[in-house]
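In: fold the following for me, if possible:
(chains A, B, C, D, E and F)
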6 protein chains.
Amino acid sequence: MTLTHFDANGQAHMVDVSEKLATARVAVAEATVAMAADTLSRVIAGSAKKGDVLGVARIAGIMAAKRTAELIPLCHPLALTSATVDFEIDHSVPGVHVRAMVQTTGLTGVEMEALTAASVAALTIYDMLKAVEKGMVIADLRLTLKDGGKSGRYVAEGRKGS
Amino acid sequence: MTLTHFDANGQAHMVDVSEKLATARVAVAEATVAMAADTLSRVIAGSAKKGDVLGVARIAGIMAAKRTAELIPLCHPLALTSATVDFEIDHSVPGVHVRAMVQTTGLTGVEMEALTAASVAALTIYDMLKAVEKGMVIADLRLTLKDGGKSGRYVAEGRKGS
Amino acid sequence: MTLTHFDANGQAHMVDVSEKLATARVAVAEATVAMAADTLSRVIAGSAKKGDVLGVARIAGIMAAKRTAELIPLCHPLALTSATVDFEIDHSVPGVHVRAMVQTTGLTGVEMEALTAASVAALTIYDMLKAVEKGMVIADLRLTLKDGGKSGRYVAEGRKGS
Amino acid sequence: MTLTHFDANGQAHMVDVSEKLATARVAVAEATVAMAADTLSRVIAGSAKKGDVLGVARIAGIMAAKRTAELIPLCHPLALTSATVDFEIDHSVPGVHVRAMVQTTGLTGVEMEALTAASVAALTIYDMLKAVEKGMVIADLRLTLKDGGKSGRYVAEGRKGS
Amino acid sequence: MTLTHFDANGQAHMVDVSEKLATARVAVAEATVAMAADTLSRVIAGSAKKGDVLGVARIAGIMAAKRTAELIPLCHPLALTSATVDFEIDHSVPGVHVRAMVQTTGLTGVEMEALTAASVAALTIYDMLKAVEKGMVIADLRLTLKDGGKSGRYVAEGRKGS
Amino acid sequence: MTLTHFDANGQAHMVDVSEKLATARVAVAEATVAMAADTLSRVIAGSAKKGDVLGVARIAGIMAAKRTAELIPLCHPLALTSATVDFEIDHSVPGVHVRAMVQTTGLTGVEMEALTAASVAALTIYDMLKAVEKGMVIADLRLTLKDGGKSGRYVAEGRKGS
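Out: Sure, this is the predicted structure:
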């Protein structure tokens, strides 16, 4: 099996999907922003009242999903029908789990849109907390679910810690 | 210490940096794309001749560095003076290490630009290999070096595995 | 009735429209740029011969309609089928009425596209005349017509002055 | 006095500012989103707990300030040093006052950036409330303060209602 | 026959295509970057091993195709289904022939997308070689093939030199 | 002399310009859109009264100059201080000569900005006339003047036909 993003001569191209069917598609991507317990406490405080780190990161992730095709060179432009970004505080890391879900009815899947949304949401969390802690790590960004299209359903073997 | 991206009322804002000095600044960010050994072998084959996955990812990362302020809501727009993205094949992961370095002479640091470049380069690697392996993980995206500006030099304690 | 852009937990999201029908949709938005009579006379002079303020503003408005989903965080990306921006000189204000009409065949309405086109066209008029008069006011930006989709036809009660 | 955005032949151009001095500049723009009292009560409820309309609109306004030169054809690209968007609930309208302040150290003023930020923040408020009330009006978008540069300080005569 | 991008009053608008049929469409555009034989030899050397000028230009062209509607004011936004950029070394010029092919299933043709891809790929070649030779010329950018839609198939009479 | 956009290993990068001096820089690029005499007559008619093809193309070119760094992968982002696009009708071609001039005070030259402006202005002319004539050719896009910076003044040997 060859890499679909390259032709027989090894030249990169945007794959021809004109023969594909427009079907309902969904993808979910997840990542974890690991940080010090003290940094996490500021995130929690902000969610409660002042300095809503996660609220800003959510908007950044959703907006980034819409711009995926501008960032990933061989990704097809898509009209998304839904995009959500959720967060879960995890004291055991300590850190914040990021989960992005994107849907479309179209010719190609939305894995890259979900991954880009999760990635930019995590980067935005980093940006807003970096004055407090530069050593945060964005860990384990991965696709956890994909459905729709010819290749069918994919579920990752389990996310970290579950 | 409060979060600088929020004012006294907890409202998000783009921090006023007009009193900062324009100094030479540099930042380096790293991440690892972990994959199956068989997937990695395709990357290596491509670098040698056909299907230059890493060449495409490098361009994507450099271009993304220039668009960081569009993606990260409270990030200041900056005129970058340099941007590089390098890769290292690591059979022990197995996977590819991504390393982005960005420089500017300006009022704010370029940590977010380096992290964004590394992140988008890693996502592009994922995009081009996902038909072969959906379970790849983008692991340990972090800032490893920062210099310039009032807060001085920061070196991460060491990257995973070294 | 709750706000559709927030889920049950109050978290912002891009609403799932995948179950909506693709229908023909249209929206019209209007605004007025109020200015001194002397400033208006320059606009009129330009339209006749030199310094075509309204010609530039029209292009800016049409181009902005295409980028609405990049500006409005929870707005769905759409493939527009038509966009027009018209102007009417009104000595009684004195000022310029802006009217933007946008059409699509899609899953969501184009109210935001029409409003964004009218808004950016008005801002462009301001930009080109601000050296002459800083006190211009962009007044009464509103949706005046919407049709298509489940919620049906909406006509505003009448625009200012008519 | 001729319009600076057009040359002697009436052709639009981006004005040459290379002889201008880089000075500290600031601009403030304001607008009002007028709505029904019931709609306003939802905004207030959201600010308190669920559905933070104003938090989302603030981010949209700040991000739009950074993209002003892409939207307004003859506007110079600028590296902003600060951007804030604030809101004030006004039961007497009833509605929400929007106030955007932008700063830079540069060759040109930031009036358009402040106006664009206020405009997009207001449009985002409209977007999130339009399912409840389509008849909202974005009223009286104007420049209220400008300082820095050769033309000096400008203060609007007072905003509507004060 | 009048120009379709202007209405009866001569005002520019984005043409209404809502009554058009969504059909498979393709367009091919070509251009030639003419340069000194010595400059061309560096391109050839790069393709073989170091400094892959054409690989970078290919990515730039494909990415530009996706952004055509942002650049060309009255061009409709489109979801492309395929985009490729190919190069051919021609010692007789001496120079590099650029050929971009774009496909979609949609309401409008993709001529502008193919032309924009070819143009930006050629500009990128220029950018990477300009330190060696400023006198390169991007010659004869033209549409060579168009098919699909009501106006049917168009084939250019032949490209320069063939 | 090696290609500056590639490092010693042949990897593309955005060249480090942090040691360069910020000087006044200017670049001029030209191209010709060749078309049938009948097509040209429509352009001329439009300039006089209805359907201002060149007015729209001028705005498109100026706006594209500002986005050059987004299109050309290894191009540095720059704050332009001036951008103009001019046209000259030439019955002897027959066609339209396009001339773009861009200025900045910065660390790198603005050749790519001028070339991009001329290219997008020419493409916009093509877009608006293509319903009349698909066989138009954008010929001889080239840099005709460059000044400022260490490499000094460059003047092209003369443009086609002069």
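
In: is chain D contacted by the lengthiest helix in chain A?
Out: Among all segments of chain A classified by DSSP state H, the helix with the greatest residue count is helix A:111-129. No. In terms of CB under 8 Å from any CB of the partner chain, no part of helix A:111-129 sits within range of chain D; the closest distance is 9.8 Å. Where you see a C-beta, it was placed from the backbone N, CA and C, and this is true even at glycine.

In: for A:Ala79, give me its contacts.
Out: The neighbourhood of A:Ala79, defined by CB atoms under 8 Å, 6 or more residues apart in numbering or on different chains, consists of A:104, A:106, C:76-79, C:106-107, E:79.

In: swap in 6 Å and give it another go.
Out: Counting by CB atoms under 6 Å, 6 or more residues apart in numbering or on different chains, A:Ala79 touches C:Pro77.

In: show residues contacting the helix or strand bottoming out on mean pLDDT in chain A.
Out: In chain A, the helix or strand scored least confidently by mean pLDDT, DSSP states H and E is helix A:37-48, which has a mean of 80. Residues from elsewhere that reach helix A:37-48, judged by CB under 6 Å, 6+ apart: A:52-54, A:94, A:129, A:132-133.

In: swap the cut-off to 8 Å and go again
Out: Outside helix A:37-48, the residues within contact range by CB under 8 Å, 6+ apart are A:35, A:51-55, A:89, A:91, A:94-96, A:125, A:129, A:132-133, A:136, B:3, B:6, B:10.

In: in the longest helix of chain A, what counts as buried?
Out: The neighbour-count check on helix A:111-129 (16 or more other CB atoms under 10 Å in any protein chain shown) flags A:111-129 as buried.

In: can you check stretch A:60-71 too?
Out: Along stretch A:60-71, these residues count as buried under the neighbour rule (16+ other CB under 10 Å): A:60-71.

In: quick one: is stretch A:85-102 near chain E?
Out: No. Remark: stretch A:85-102 sits outside contact range of chain E, by CB under 8 Å from any CB, the gap being at least 15.4 Å.

In: that stretch and chain C, are they touching?
Out: Yes. Using CB under 8 Å from any CB, we find that stretch A:85-102 touches chain C at A:85-86.

In: so how far is that stretch off the chain centroid?
Out: Computed by CA atoms, centre = their mean, to the nearest Å, the chain-centroid distance of stretch A:85-102 equals 11 Å.

In: before we move on, what about stretch A:114-134?
Out: The chain centroid and the centroid of stretch A:114-134 are separated by 11 Å under CA atoms, centre = their mean.

In: check the burial of the spatially closest residue to A:Thr32 that is not a sequence neighbour by counting its neighbours.
Out: Here the nearest residue to A:Thr32 in space, its sequence neighbours aside, is A:Ala139; by CB to CB, 6 or more residues apart in numbering or on different chains that works out to 4.7 Å. The number of residues packed around A:Ala139, counting by other CB atoms under 10 Å in any protein chain shown, is 22.

In: ok so, going back, just the ones in helices from the contacts of helix A:37-48, please.
Out: With helices defined by DSSP H, the entries of the contacts of helix A:37-48 inside them are A:53-55, A:125, A:129.

In: ok, these vs E:Asp16, which is closest?
Out: Lowest distance from E:Asp16 to the ones in helices among the contacts of helix A:37-48 (CB to CB) belongs to A:Gly55, with 39.4 Å.

In: quick revisit: taking the buried residues of stretch A:60-71, tell me the two that lie furthest apart.
Out: Farthest apart among the buried residues of stretch A:60-71 by CB to CB are A:Ala60 and A:Ala69. That separation is 17.3 Å.

In: any chance of the ones in helices among the contacts of helix A:37-48 in JSON lines, with distance to C:Arg153 too?
Out: As requested, those are exported to JSON lines (distance: CB to CB, whole Å):
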{"residue": "A:Val53", "distance to C:Arg153": "42"}
{"residue": "A:Leu54", "distance to C:Arg153": "39"}
{"residue": "A:Gly55", "distance to C:Arg153": "35"}
{"residue": "A:Ile125", "distance to C:Arg153": "43"}
{"residue": "A:Leu129", "distance to C:Arg153": "48"}
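
In: could these be laid out in CSV, adding pLDDT and distance to C:Thr39?
Out: Below are the ones in helices among the contacts of helix A:37-48 laid out as CSV (pLDDT from 0 to 100; distance: CB to CB, whole Å):
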residue, pLDDT, distance to C:Thr39
A:Val53, 91, 45
A:Leu54, 92, 46
A:Gly55, 91, 41
A:Ile125, 95, 47
A:Leu129, 92, 48
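
In: kindly reformat those residues as a markdown table containing distance to chain B.
Out: Formatted as a markdown table, the ones in helices among the contacts of helix A:37-48 follow (distance: CB to the nearest CB, whole Å):
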| residue | distance to chain B |
| --- | --- |
| A:Val53 | 7 |
| A:Leu54 | 11 |
| A:Gly55 | 8 |
| A:Ile125 | 10 |
| A:Leu129 | 7 |
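
In: which parts of chain A sit against chain D?
Out: By the criterion of CB under 8 Å from any CB, the positions of chain A lying close to chain D are A:52, A:55-56, A:59-60, A:63.

In: at 10 Å instead, please
Out: Applying CB under 10 Å from any CB of the partner chain, we find that chain A lies next to chain D at A:52, A:55-60, A:62-63, A:124.

In: residues from chain A in reach of chain C?
Out: If contact is defined as CB under 10 Å from any CB, the residues of chain A in contact with chain C are A:24-26, A:54-55, A:58-60, A:62-63, A:65-67, A:69-70, A:77-87, A:101-105, A:117.

In: now do the strands in chain A.
Out: In chain A, the strands defined using DSSP state E lie at A:23-34, A:80-90, A:95-106, A:137-147, A:154-155.

In: helices or strands up against the last one?
Out: When contacts are defined as 3 or more CB pairs under 10 Å, 6 or more residues apart in numbering or on different chains; DSSP states H and E, strand A:154-155 sits against strand A:137-147.

In: give the buried residues for stretch A:89-106.
Out: Of the residues in stretch A:89-106, those buried under the neighbour-count criterion (16+ other CB under 10 Å) are A:90, A:93-106.

In: with stretch A:6-23 instead?
Out: Buried residues in stretch A:6-23, counted by 16+ other CB under 10 Å: A:6-7, A:10-15, A:17, A:20.

In: so which of those reach chain E?
Out: Filtered for proximity to chain E (CB under 10 Å from any CB), those shrink to A:7, A:10-15, A:17, A:20.

In: format the residues you listed as CSV; extra columns: pLDDT.
Out: Below are those laid out as CSV (pLDDT from 0 to 100):
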residue, pLDDT
A:Asp7, 84
A:Gly10, 82
A:Gln11, 87
A:Ala12, 88
A:His13, 90
A:Met14, 90
A:Val15, 89
A:Val17, 89
A:Lys20, 85
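
In: widest-spaced pair of the residues you listed?
Out: Maximum pairwise distance among those (CB to CB): 23.4 Å, between A:Gly10 and A:Lys20.
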